[in-house]
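Novice: What shape does this take:
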Amino acid sequence: MTYSNSLSDDTVPLVLDTSVLINLHASRCGVDILTSIPNPIVVANVVAGELENETSRRNGEEAFLRALSAAGHVMLVDLSDQEFEMFFELTSVSPSLDDGEAATIAVASARGLYPVIDEKRGRIRASAIIGIEPAWSLDLVLHPITAESLGAEGHREALFRALRDGRMRIPPESTSHVVGIIGIENAEYCTCLPGYKQLFSRREQQKRQVNQLLI
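Specialist: Below you'll find the predicted structure:
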């Protein structure tokens with residue numbers, strides 16, 4: 001199954017959620033990905049604040065975003081009064097969103113930007129408020145220009161690391177396409193893949209059957 005990339009022919013500015021930055025950093029090609037695609041990149045300072053914790057500092061995620069901002073690859077923005085009102089509502093009214101998702105949706109809604117969000121609850125709320133389905137981290141990693149820029153091997157490795165180390169969430173319908181790129185052997189290390197247990201429990205059964213035949 002091929003993957004329908006929502007960003008392939010769209011240069012609208014993107015506003016990234018926290019998990020998207022974590023995935024890009026985990027790919028070890030985040031700078032190359034964000035500088036190769038034609039879309040301007042916006043990140044709310046609230047999202048930047050979510051990376052100012054011990055784990056993100058130790059992993060290098062906070063420094064990754066700081067470097068992107070310093071180089072002009074990413075624009076960090078504060079919430080306007082209007083955006084803060086939506087942010088407050090999204091983080092206060094049940095079912096509430098986390099700060100990064102709420103800020104990303106508020107900025108995207110007020111400024112006409114395209115949100116990039118992976119978490120199910122955030123995607124549902126963004127679709128309801130903005131009227132469009134958000135992009136995925138996967139749309140950035142699988143962007144045709146990204147693939148061309150990284151080359152086949154570099155692109156495969158970036159996708160594999162984003163899944164294995166960043167635990168990048170992907171749409172279930174894209175699983176077979178993604179596994180086809182990284183290979184079934186690498187996919188075994190990506191426990192974030194939709195239907196992972198079902199996929200590899202069957203594979204394990206097949207291995208046992210083959211081993212029994214060889215005994």
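Novice: which regions of this protein sit below the pLDDT cut-off?
Specialist: 1-2, 202-215 (pLDDT under 70).
Novice: now do 50
Specialist: Counting by pLDDT under 50, the chain contains low-confidence residues at 1, 210.
Novice: quick one: the spatially most central residue of it and residue 163, what's the gap?
Specialist: The residue lying closest to the centre of the chain (C-alpha atoms, centre = their mean) is residue 137, at 2.5 Å. Going from residue 137 to residue 163 by C-beta to C-beta, to the nearest Å gives 10 Å. For every residue, glycine as well, the C-beta is placed using N, CA and C.
Novice: shared neighbours of these two, anything?
Specialist: Counting by C-beta atoms under 8 Å, 6 or more residues apart in numbering, the contacts common to residue 137 and residue 163 are residue 170.
Novice: Show me what the lengthiest helix in the chain is packed against.
Specialist: Ranked by residue count under DSSP state H, the longest helix found in the chain is helix 144-164. Using 3 or more C-beta pairs under 8 Å, 6 or more residues apart in numbering; DSSP states H and E, the elements in contact with helix 144-164 are helix 18-26, helix 30-36, helix 137-141, helix 175-182.
Novice: Dump the C-alpha coordinates for the third one into CSV.
Specialist: I take that to be helix 137-141. This file holds the C-alpha atoms of helix 137-141, laid out as CSV (Å, rounded to 0.1, in the frame of the first residue of the first chain):
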residue,chain,number,x,y,z
SER,A,137,5.4,13.4,11.8
LEU,A,138,5.5,10.7,9.2
ASP,A,139,4.4,13.3,6.6
LEU,A,140,7.7,15.1,7.3
VAL,A,141,9.9,12.0,7.3
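Novice: what packs against it?
Specialist: So helix 137-141, by 3+ C-beta pairs under 8 Å, 6+ apart, packs with helix 18-26, helix 30-36, strand 114-116, helix 144-164.
Novice: Run the chain-centre distance for it.
Specialist: 6 Å (C-alpha atoms, centre = their mean, to the nearest Å).
Novice: ok so, going back, dump the helices and strands packed on helix 137-141 to a markdown table, plus distance to residue 99 and mean neighbour count.
Specialist: Shown next, in a markdown table, are the helices and strands packed on helix 137-141 (distance: least, C-beta to C-beta, whole Å; neighbours: other C-beta atoms under 10 Å):
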| stretch | distance to residue 99 | mean neighbour count |
| --- | --- | --- |
| helix 18-26 | 8 | 27 |
| helix 30-36 | 21 | 19 |
| strand 114-116 | 14 | 25 |
| helix 144-164 | 23 | 18 |
